[in-house]
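Student: this one's structure only:
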């Protein structure tokens, strides 16, 4: 019980850390909303009765999906170039602009290029957020709750995805953008109250502002707070006095291990198909032969994702990151094999009595995916790198992930169309199981790792 209270998010000295995390994750909720909007909308715009006035074909759908990845790459590059120059807070403000614009494009869409632009901006917002928010949260959070606060990034994304599923299913096409536009407005107003992080301010030699920020996020003004701040300042100064950042810092053993772990995590995450499952959930259920309503299944899956990430929020600072990643990657691999086998045998045998099984297996896959691979993705990406190259390494990894998002979202509907759902699921299973093997032998445990010292 004492250990649980120690890791509780409700302690008085961490309440502003929790508040800051909730505020910045308004935009990740919005990003999830934009992602979730696509799946039910696809079923509406692929028919002659499309609310857009034109019908979207399979090639255009694949481009709509992949534009998310292309936008994410651009968002990564823009924020990566600004993160150390303009600061975390400026980048956080910046996220509101492209997100507001994407709903304008969706509402005004008169041809497919408007939808391409909206998906690009949705990706831009997510790609930018996934660079700055994990670093921001890790710099303001106590090590005892850093895992739980960081996993809220994907928890809020999943809440947004579920909201997008539900609203896009039951509301008219042109009503949803009005609701989506409220999110960036609320986000921008709320984020005005947040101070810049103390580590960044110390790097910019703004000592007074750094101490004020440190005391705000720690919610303490006593002697212990001053001692902790002095320790942080000493750590930051010792890094700066060491040497300037150079390519040699990227070739150290800890740096190479960090790049290897992050590369495998990004590649395994994307080629396991998890993000594709989220974007094309309705199509997957339609092609699996399930007689259940595809959009209803999609909403159920959205709820399961939230439960999965919430599970990781509870356990990440208790059992650590590595165990949850192992369980997640193995579970996704086994689940994808089972889903592929079910759809394969359904072609030759009458499995109508078991048509509910496709939903149950997909619930199993996405629950375990969100427990580790999804829920802890950005936390582990940030923590595996040494402090000196953390911003650079995180940016490079998110750029690599975004390139993979572009590729996988482009080819996934084509794989479903030409390979069939069984082979596609077995491909995803192979990727997940290879990722599990790497994690088993090489993924380090980063629970409790300092964010300012290597």
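Tutor: In hand now; what should we look at? Keep in mind that what you see is a predicted model, and the values were worked out from it rather than measured.
Student: residue 295 and residue 167 touch, don't they?
Tutor: No: taking C-beta atoms under 8 Å as the definition, residue 295 is not a contact partner of residue 167, at 11.5 Å. Any C-beta I mention is one placed from the backbone N, CA and C, and that applies to glycine too.
Student: of those two, give the one with the bigger neighbour count.
Tutor: Shown here are residue 295 and residue 167; by other C-beta atoms under 10 Å, residue 295 has more neighbours (21 against 17).
Student: ok now do that one, which residues does it touch?
Tutor: 39, 40, 43, 165, 169, 282 (C-beta atoms under 8 Å, 6 or more residues apart in numbering).
Student: out of these, who's nearest residue 196?
Tutor: Nearest to residue 196, judged by C-beta to C-beta, of these is residue 165 at 35.5 Å.
Student: average pLDDT for the host helix or strand of that closest one, rounded please.
Tutor: Assigned by DSSP states H and E, residue 165 belongs to helix 146-170. In this model, helix 146-170 has a mean pLDDT of 87.
Student: and that helix, what does it pack against?
Tutor: helix 15-24, helix 26-45, helix 112-140, helix 176-191, helix 294-319, helix 377-383 (3 or more C-beta pairs under 8 Å, 6 or more residues apart in numbering; DSSP states H and E).
Student: could the ones you listed go into a markdown table alongside mean pLDDT and distance to residue 427?
Tutor: A markdown table is the format used below for those (pLDDT from 0 to 100; distance: least, C-beta to C-beta, whole Å):
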| stretch | mean pLDDT | distance to residue 427 |
| --- | --- | --- |
| helix 15-24 | 92 | 35 |
| helix 26-45 | 88 | 21 |
| helix 112-140 | 91 | 23 |
| helix 176-191 | 94 | 33 |
| helix 294-319 | 86 | 20 |
| helix 377-383 | 86 | 20 |
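Student: looking at the ones you listed, which is closest to residue 438?
Tutor: So among the helices and strands packed on helix 146-170, helix 377-383 is nearest, using C-beta to C-beta, at 12.8 Å.
Student: now do that closest one: which elements does it pack against?
Tutor: Using 3+ C-beta pairs under 8 Å, 6+ apart: helix 377-383 touches helix 112-140, helix 146-170, helix 253-271, helix 321-345, helix 390-418.
Student: in JSON lines, list the ones you listed along with distance to residue 83.
Tutor: Converted to JSON lines, those look like this (distance: least, C-beta to C-beta, whole Å):
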{"stretch": "helix 112-140", "distance to residue 83": "6"}
{"stretch": "helix 146-170", "distance to residue 83": "16"}
{"stretch": "helix 253-271", "distance to residue 83": "17"}
{"stretch": "helix 321-345", "distance to residue 83": "23"}
{"stretch": "helix 390-418", "distance to residue 83": "6"}
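Student: nearest to residue 369, out of those?
Tutor: helix 321-345 (5.1 Å).
Student: next, the angle from the closest one to helix 253-271.
Tutor: Counting by axes from the mean of the first three to the mean of the last three C-alpha atoms, to 10 degrees, helix 321-345 lies at 30 degrees to helix 253-271.
Student: buried residues in helix 321-345?
Tutor: 321-340, 342-344 (16 or more other C-beta atoms under 10 Å).
Student: for stretch 314-322, same thing?
Tutor: 315, 316, 317, 320, 321, 322.
Student: OK, contacts around the fifth one?
Tutor: Residues in contact with residue 321, defined by C-beta under 8 Å, 6+ apart, are 147, 376, 379, 380, 383, 445, 446, 447.
Student: for the residues you listed, give me CSV that also has distance to residue 199 and neighbour count.
Tutor: Shown next, in CSV, are the contacts of residue 321 (distance: C-beta to C-beta, whole Å; neighbours: other C-beta atoms under 10 Å):
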residue, distance to residue 199, neighbour count
147, 18, 29
376, 22, 29
379, 17, 25
380, 20, 25
383, 15, 27
445, 23, 13
446, 18, 20
447, 20, 18
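Student: residue 195 and residue 224, how far apart?
Tutor: Applying C-beta to C-beta, to the nearest Å, one obtains 20 Å for the distance of residue 195 from residue 224.
Student: neighbour count winner among these two?
Tutor: residue 195 (18 against 11).
Student: what residues are up against the closest residue in space to that one that isn't next to it in sequence?
Tutor: Using C-beta to C-beta, 6 or more residues apart in numbering and skipping residues adjacent in sequence, the residue nearest residue 195 is residue 213, 4.3 Å away. Residue 213 makes contacts with 195, 196, 197, 198, 201, as judged by C-beta under 8 Å, 6+ apart.
Student: make a markdown table out of the residues you listed and add secondary structure and pLDDT.
Tutor: A markdown table is the format used below for those (DSSP: H, G, I helix; E, B strand; the rest coil; pLDDT from 0 to 100):
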| residue | secondary structure | pLDDT |
| --- | --- | --- |
| 195 | coil | 92 |
| 196 | coil | 93 |
| 197 | coil | 91 |
| 198 | helix | 90 |
| 201 | helix | 91 |
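Student: tell me the most packed of those residues, by neighbour count.
Tutor: Counting by other C-beta under 10 Å, top hit in these: residue 198 with 27 neighbours.
Student: so that residue makes contact with residue 214?
Tutor: Yes: using C-beta under 8 Å, residue 198 is in contact with residue 214, at 4.0 Å.
Student: can you pull the contacts of residue 252?
Tutor: So residue 252 contacts residue 386 (C-beta under 8 Å, 6+ apart).
Student: next, residue 209: phi, psi?
Tutor: Torsion angles at residue 209 (phi, psi; degrees, to the nearest 10) stand at phi -60, psi -40.
Student: contacting residues for it?
Tutor: Neighbouring residues of residue 209 by C-beta under 8 Å, 6+ apart: 195, 196, 201.
Student: which of these sits closest to residue 434?
Tutor: Comparing those against residue 434 with C-beta to C-beta places residue 196 closest, at 40.7 Å.
Student: quick check: closest non-adjacent residue to the closest one.
Tutor: Per C-beta to C-beta, 6+ apart, closest to residue 196 is residue 89, 4.6 Å.
Student: could you pull up phi and psi at that neighbour?
Tutor: Dihedral angles (degrees, to the nearest 10) for residue 89: phi -70, psi -40.
Student: start the count at 211 instead of 1 going forward.
Tutor: In the new count, where the first residue is 211, that last one comes out as residue 299.
Student: correct me if wrong: it contacts residue 403.
Tutor: No: taking contacts as C-beta under 8 Å, residue 299 lies outside contact range of residue 403: 10.7 Å.
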